[in-house]
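Enquirer: Fold the following.
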Amino acid sequence: MSAEVEHLVLQDTSTLPSLSPARPKRPMKAKLRSAFLPKGQPTYLESFKWFLFGSWWNVLLVFIPLSFISHFVKWNAAARFTLSFLAIMPLAKLLGEATDQLSIRVGQTVGALLNASFGNAVEVIIGIVALIQGEIRIVQTSMLGSILSNILLVLGCAFIAGGFKHHEGSFQATGAQAASSLMTLSCSTLIIPAAYHASYGGTTNSTTGIDDNSKPGLLLISHGTSVILLGLYVTYLFFQLRTHPDLFQHRKAPQQHGGTGSTEEIEEEEEEEEAKMNLPAAVFGLLGVTVVTSFCADYLVASIQEFADHYNIPKAFIGMILIPIVGNAAEHFTAVFLAMKGKMEGTVGIAVGSAIQIATLVVPLLVIVGWIAHKELTLFFANFETVCLFVSVLLVNMLVQDGKSNYMEGVMLIGLYLSGLRRPLLRVQICRQFDDMGGGFDIF
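Expert: Residues are numbered from 1 along each chain as shown. Below is the predicted model of the structure:
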């Protein structure tokens, strides 16, 4: 009888509501405080102190206010161009730092997407500003110069620096070949507009780079190809980040175990990067630097025409050589530094990966922006520029297919880059000769 009573009592009490105190809801003020003052992360003072004073590269930040002053005070074109040029270089470095710090907080996949989006933010900003101002040739030559500087100059210098430090460098051949193959495909799409334009045999307009006869067809081809290239880039990101990430991870050379003759590849333990900024500080830093960069890019592009006319410097030289230095200078040093430490995987990822972003993301994106803004930007480059790009990509594809590097391969890349510079340098010399003869000679 007592057992039945005890069972009924337990059954009745189980239906009673819980007497444990309900968890109080956090007020909105506390939620905002926890979001903007995260615990266990660097403070805002520590974050921005490292962000602004953590590298000797940031000494160039003093040129930012000078760039603003030169624009509003209406200094001469050389001063405005030079100051804006020097101001954008540390801003490109800060964009990369803020993106890296943000990537640490949000995870590997989202971080990789952020790096893909903001990795070439300077090129995108300069390209959009130049496009809106109608500088079509500056947009085209700067994009081409960025690709060539990455796959020839950056990769070549890194191979030379790593070759002098190590007898031979190694990296994942499969991942590198997948990247270089996509690079070859994207550059092949530039041959189709060039062949279409050559079939008309028309003259070239100095502003848009195309003639009126082939313009409608070139615009149609460029718009369709740009959409395809963007789709290829999204697929490549999915391939690299989700389905085949192991192909882009560094592996050590095969090692022997116990004299049995068996070999296995061992993944190198990646060094965990320490977070130097809290999440809100990284977001604010990224947004702030992007806004400042857009102003400096606007001042830079606005001074190009006067600077080129006054000093008889062709826009091809400014676009192919000077502007790529602005956005890629920090990446150049990073790639060479990684190569000297034997981390060729990171070097190839920076050089080839940045070129892929420009060729399959930035260039098609600018074409589509021009389409929306009614600017006649096409994928048609001059014949010499198209040939240089295709030969450069072909050489890089041949050099990375074995997954090894040495200083001789770097010398070949630098040699090809210097050979391609002969034309813009020759144009500078011709312009100055005509100016000495008293002729107003404008050449692109």
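Enquirer: And the strands in the protein?
Expert: Using DSSP state E, the strands of the chain run over residues 169-170, 255-256, 263-264, 404-405.
Enquirer: so residue 89 makes contact with residue 328?
Expert: No - between residue 89 and residue 328 no contact is recorded; they are 9.6 Å apart, counting by CB atoms under 8 Å. Using the backbone N, CA and C atoms, a C-beta is placed for each residue, glycine as well.
Enquirer: Neighbour count: those two, which is higher?
Expert: Each of residue 89 and residue 328 has its neighbours counted (other CB atoms under 10 Å); residue 328 has more, 26 against 20.
Enquirer: neighbours of the residue nearest to that one when sequence neighbours are not counted, just the number please.
Expert: Spatial nearest neighbour of residue 328, chain neighbours left out: residue 149 (5.6 Å); criterion: CB to CB, 6 or more residues apart in numbering. Other residues near residue 149 come to 27 when the count uses other CB under 10 Å.
Enquirer: Could you list the low-confidence segments of this protein?
Expert: Applying pLDDT under 70 to the chain picks out residues 1-38, 107-113, 115-117, 119, 201-213, 247-273, 422-444.
Enquirer: hey, which helix is longest across it?
Expert: Counting residues, the longest helix found in the chain (DSSP state H) is helix 77-106.
Enquirer: Name the residues of it that are buried.
Expert: Within helix 77-106, the residues that qualify as buried by neighbour count (16 or more other CB atoms under 10 Å) are 77, 79-105.
Enquirer: before we move on, what about stretch 222-232?
Expert: Buried residues in stretch 222-232, defined by neighbour count with 16+ other CB under 10 Å: 222, 223, 225, 226, 229, 230, 232.
Enquirer: returning to that earlier point: could you report the separation of the residue nearest to residue 328 from residue 57?
Expert: Note on residue 149: its distance to residue 57, by CB to CB, to the nearest Å, is 18 Å.
Enquirer: Equivalent analysis for residue 139, please.
Expert: Residue 139 is 27 Å from residue 57, by CB to CB.
Enquirer: go on, residue 147?
Expert: To residue 57, residue 147 is 23 Å away according to CB to CB.
Enquirer: Counting neighbours, go ahead and name the busier of those two.
Expert: Neighbours per residue (other CB under 10 Å) separate residue 147 from residue 57, with residue 147 holding more: 27 against 16.
Enquirer: Alpha carbons of stretch 217-226, as CSV, please.
Expert: Provided in CSV are the C-alpha atoms of stretch 217-226 (Å, rounded to 0.1, in the frame of the first residue of the first chain):
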residue,chain,number,x,y,z
GLY,A,217,30.0,43.2,-80.6
LEU,A,218,32.8,43.8,-78.2
LEU,A,219,30.5,45.1,-75.5
LEU,A,220,28.2,42.1,-76.0
ILE,A,221,31.1,39.6,-75.8
SER,A,222,32.6,41.4,-72.8
HIS,A,223,29.4,41.5,-70.8
GLY,A,224,28.6,37.8,-71.4
THR,A,225,32.2,36.7,-70.7
SER,A,226,32.3,38.7,-67.4
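Enquirer: Now do the buried residues in stretch 328-335.
Expert: 328, 329, 330, 331, 332, 334, 335.
Enquirer: Including distance to residue 359, could the residues you listed go into TSV?
Expert: Below are the buried residues of stretch 328-335 laid out as TSV (distance: CB to CB, whole Å):
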residue	distance to residue 359
328	14
329	20
330	20
331	16
332	18
334	20
335	18
